[in-house]
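[1] Predicted structure and sequence below. I'll ask about it afterward.
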Amino acid sequence: NIPSLEHTINKKLLWLLSYYLSGQSFDHFEKKNESHPSITSNAQNWRNKYIFNKNDEPKDKVKDAQIIAQALRMMKNIKVECSLAYFARVVIISYCEHDNAIVRKLSILTTCDIFSKDHKISSADDKFSLDSVNEVLTKIIITALTDPVVDIRLEILKHLNSTFDSQLAQPDNARLLFASLKDEVFTIQKEAMLLLGRLSLVNPAYIVPLLRKTVLELTTELKYATWPRKKEESLILIKILCSFNKTIVEPYIHLLMSLLLENAKDNSSIVGCSALEAIAELSETIEDDMTVYLDELIKLIILILKDKANNYKKQVALKTLSKLASSTCYVISPLLDYGDLLGLLLGILKGDTSKQMSIDTLKLIGTLGALDPYKHREISITTSSTKETPEDSSNIDIDLLISGMSPSDENYYPLVVIDILSRIMSDSTYSPHHTAVVQCIMHIVQDMGKQSSILLDKMVPSLLSVMRSCPPSILEFYFQQLGTVI
C-alpha cells in the first residue's frame, strides 16, 4: 500500500527470509560459482540461535517446520527486481527432503513458481542456465516419483507447466516421467499422461514411440479387464492420448475403434460414457479417417438417445455426435440418412430434461445444419411406412398353447406376465427397475409353484445377465432369488 517503500521493504524482507532459510545473507548467493555446503544445517543453527534461544523457547520441530513453511510461502509471493533462480536452486530446493510434508511441498512449488516467472533463465540457452534448470527439474521429478504423500506427487506434476517443456522433453527427464504412469493413484497417472501428451509435440522422436507402446498396453488392459472401474481408467487414459497427436494413435485406429465400440455398448453406464468420450476425442484427432465407422456409431447413439433411463449417457452421446459431425464434416446427411434422429432431438427439447442437456441438444442441431422441411417430411413418411410391426420374440402364446394351456387356464396370464418381466430384465435400459422386477417375478413364481418351470429357460438367463452387471452390494440378494427359482 506504500509504493514508494515497496522496493525497500521487499529487499529487506528478502534478506530476512534468506537468513531464515539458509542462515546467510542473500548477497552471499550472488557469487554463483561458490559452493554452499550444509545449507539446511546452517539455517537450523541460525534459527536456534536467533529465534528459539533468544526467546528462551524449547527447540520444537513442529514450530520450526511452521517457520520454514511460512518463509517459503513469503518467498513465493515476494516481488524483487533481482533473479531468485540461483537462490531457489541452492537453498529452496534443498528442503525437498525435509521430514515435514508441508515443507517439502512448498519447497517444490515455490521453486517451480520462481523458475516459471524468471523468463531469462527458463528461456536462456547458455550452459549455466541450462544446468540450473536441469538440476532443479531432476530433483523435482525424483520427488514426484518417490514422495510418500499422494498430494505432493500430484501437485508437482500439475506445476510442471509449459515453461519447462524443452527440458522435460529430454530423454532422461521423459524416462522418469513415464514411470509416473505406473503410480498406484489414478489421478497421478492421468496428470502424467496429460504432461507426456504435451511433451510429445516438443520431442516426438523420443516420446511418441514410448506413447505408442503405452497405447498397446492400455488396449490390452481394456480387452481383458473385468472390473468396470479398471475399464473406465483405461478408457480415460486412451482419451487423453487420442486428444494430443495423430501420429500416436494412427497405426492403431482400427484396434482402438473396435475396443471403444465394444465398450460403448457395455452394461456399465460409466464404462459406456468413457468409451463415447474417447471416441469423440479420437474423431477430432483423426478427422476424415473416422468416416468408416460413422454408420455404426450413429446407430449406437440413436439407441442411447432412445434410452429414457440414463440421462447422463444420453448427454455424453449428444456431445459425441456433435464432435463427430464437426470433425468429419458429416452434416445435414445424418438427418436424411437416419429419419428418426431429428424427431429424437426435438423430443429431448420438448421433454423434462436438464438445462445443460437442452443446450447440448441445440448445439448438436446447429452443428448438423438446416434441413429442407419438405424433404424431411418425405423421408419421415417413407421411414414410418417401411417399419414392420415388431414380432413377439418370445412367442409366448404359441409356447403355452403347445404345452396344452389355454387362455382360460388360471396360470396362463401369470406366465405371460413372467415372460414380459423377463424381457425387461434382459434390457439394460431398465436397470434401475431390475430389483423391483425380480421381486415381482419371485411373488408370481412362489404362487404358481412348478407350473412356472415352463419359462425357466427365459427367467434364468435374464436373471444371470442382471447379476453380471449389478453392483456387488446387491449380488447376494440376486443369488437368493436364483436359489428360490431353482
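    Structure's in. What do you need? All values derive from a computational prediction rather than experimental measurement.
[2] Give me the below-cutoff pLDDT ranges for this protein.
    1, 28-37, 55-57, 120-126, 352, 372-374, 376-411, 428-429, 452, 454-455 (pLDDT under 70).
[3] Now do the contacts for the most centrally placed residue in it.
    In the chain, the centroid-proximal residue (C-alpha atoms, centre = their mean) is Ile236; its distance is 4.5 Å. Counting by C-beta atoms under 8 Å, 6 or more residues apart in numbering, Ile236 makes contact with 190, 274, 278. Bear in mind the C-beta positions are built from the backbone N, C-alpha and C, glycine included.
[4] Now tabulate the residues you listed in a markdown table and tack on neighbour count, distance to Gln439 and secondary structure.
    Output for the contacts of Ile236, formatted as a markdown table (neighbours: other C-beta atoms under 10 Å; distance: C-beta to C-beta, whole Å; DSSP: H, G, I helix; E, B strand; the rest coil):
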| residue | neighbour count | distance to Gln439 | secondary structure |
| --- | --- | --- | --- |
| Lys190 | 19 | 40 | helix |
| Ser274 | 25 | 31 | helix |
| Ala278 | 28 | 37 | helix |
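[5] Make CSV out of those residues and add distance to Tyr330.
    What follows is the contacts of Ile236, written out as CSV (distance: C-beta to C-beta, whole Å):
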residue, distance to Tyr330
Lys190, 31
Ser274, 23
Ala278, 19
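[6] before we move on, which element is the residue nearest to the centre of the chain in?
    Using DSSP states H and E, Ile236 sits within helix 228-242.
[7] and if you look at Ile302?
    Assessed by DSSP H and E, Ile302 sits inside helix 294-306.
[8] next SSE after that helix?
    Going down the chain from helix 294-306, the next helix or strand is helix 311-328, by DSSP H and E.
[9] Just the buried residues of the very next helix or strand once past that following helix, please?
    For helix 311-328, the succeeding helix or strand toward the C-terminus, using DSSP H and E, is helix 333-337. Of the residues in helix 333-337, 334-335 count as buried by neighbour count, 16 or more other C-beta atoms under 10 Å.
[10] same question, stretch 66-80
    Neighbour counts over stretch 66-80 (16+ other C-beta under 10 Å) mark 67-69, 71-72, 74-76 as buried.
[11] For the residues you listed, give me TSV that also has distance to Ile474 and secondary structure.
    Formatted as TSV, those follow (distance: C-beta to C-beta, whole Å; DSSP: H, G, I helix; E, B strand; the rest coil):
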residue	distance to Ile474	secondary structure
Ile67	54	helix
Ile68	51	helix
Ala69	47	helix
Ala71	54	helix
Leu72	50	helix
Met74	54	helix
Met75	54	helix
Lys76	50	helix
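[12] Name the next helix or strand following the helix or strand harbouring Val136 along the chain.
    Assigned by DSSP H and E, Val136 falls within helix 127-146. For helix 127-146, the following helix or strand on the C-terminal side (DSSP H and E) is helix 150-159.
[13] Output that next one as PDB, nothing but the C-alphas.
    This file holds the C-alpha atoms of helix 150-159, laid out as PDB (Å, rounded to 0.1, in the frame of the first residue of the first chain):
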ATOM      1  CA  VAL A 150       0.000 -38.500  -2.800                       C
ATOM      2  CA  ASP A 151      -0.900 -34.800  -2.800                       C
ATOM      3  CA  ILE A 152       2.700 -33.800  -3.200                       C
ATOM      4  CA  ARG A 153       3.300 -36.100  -6.100                       C
ATOM      5  CA  LEU A 154       0.100 -34.800  -7.800                       C
ATOM      6  CA  GLU A 155       0.800 -31.100  -7.200                       C
ATOM      7  CA  ILE A 156       4.300 -31.400  -8.600                       C
ATOM      8  CA  LEU A 157       3.100 -32.800 -11.900                       C
ATOM      9  CA  LYS A 158       0.400 -30.100 -12.100                       C
ATOM     10  CA  HIS A 159       3.100 -27.300 -11.600                       C
END
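[14] Show me which positions of the very next helix or strand once past it end up buried.
    Under the assignment DSSP H and E, the closest C-terminal helix or strand after helix 150-159 is helix 165-168. By 16+ other C-beta under 10 Å, the buried positions in helix 165-168 come out as 166-168.
[15] Residues touching helix 165-168, excluding its own?
    Here helix 165-168 makes contact (C-beta under 8 Å, 6+ apart) with 130, 133-134, 137, 160, 173-174, 177, 195, 198-199, 202.
[16] which of those residues are buried?
    For those, buried by 16+ other C-beta under 10 Å: 133, 137, 160, 173-174, 177, 195, 198-199, 202.
[17] Now those residues in a markdown table, please, with extra columns for distance to Leu109.
    Shown next, in a markdown table, are these (distance: C-beta to C-beta, whole Å):
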| residue | distance to Leu109 |
| --- | --- |
| Val133 | 16 |
| Leu137 | 14 |
| Leu160 | 11 |
| Asn173 | 18 |
| Ala174 | 22 |
| Leu177 | 18 |
| Leu195 | 16 |
| Arg198 | 19 |
| Leu199 | 20 |
| Val202 | 23 |
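[18] for those, which one is nearest Lys355?
    Of all those, Arg198 has the smallest distance to Lys355: 33.3 Å, by C-beta to C-beta.
[19] pretty sure Gln189 is in contact with Ile240, am I right?
    No: counting by C-beta atoms under 8 Å, Gln189 does not reach Ile240; the two are 9.7 Å apart.
[20] before we move on, the earlier item: after the helix holding Ile236, which helix or strand is next?
    Downstream of helix 228-242, the first helix or strand assigned by DSSP H and E is helix 246-249.
[21] Packing partners of that following helix?
    Here helix 246-249 touches helix 204-224, helix 228-242, helix 269-286, going by 3 or more C-beta pairs under 8 Å, 6 or more residues apart in numbering; DSSP states H and E.
[22] Measure how buried Ala370 is and give me the count.
    Ala370 has 10 neighbours, counted by other C-beta atoms under 10 Å.
[23] actually Tyr478, not the one I typed
    By the criterion of other C-beta under 10 Å, Tyr478 has 18 neighbours.
[24] can you pull the contacts of it?
    Contacts for Tyr478 (C-beta under 8 Å, 6+ apart) come out as 438, 463, 466-467, 470.
[25] ok, so of those, who is nearest Ile9?
    Nearest to Ile9 among those is Cys470, at 65.0 Å by C-beta to C-beta.
[26] what's the helix or strand for the closest residue to the closest one other than its chain neighbours?
    Nearest residue to Cys470 in three dimensions, chain neighbours excluded: Tyr478, at 6.3 Å (C-beta to C-beta, 6 or more residues apart in numbering). Tyr478 is located in helix 475-485, with elements delineated by DSSP H and E.
[27] Could you do Asn263 as well?
    Assigned by DSSP H and E, Asn263 belongs to helix 253-264.
[28] what's around the closest residue to Lys230 other than its chain neighbours, how many residues?
    Spatial nearest neighbour of Lys230, chain neighbours left out: Glu221 (7.0 Å); criterion: C-beta to C-beta, 6+ apart. Neighbour count for Glu221, taken as other C-beta under 10 Å: 15.
[29] repeat for the one 3 residues further on
    Other residues near Tyr224 come to 8 when the count uses other C-beta under 10 Å.
[30] Any figure for the gap between it and Ser234?
    Using C-beta to C-beta, to the nearest Å, we find Tyr224 at a distance of 10 Å from Ser234.
[31] Just the residues contacting stretch 260-268, thanks.
    Applying C-beta under 8 Å, 6+ apart, the external contacts of stretch 260-268 come out as 222, 228, 231-232, 235, 238, 271-272, 274-276, 278-279, 282, 293, 296-297, 300, 428, 431, 468-469.
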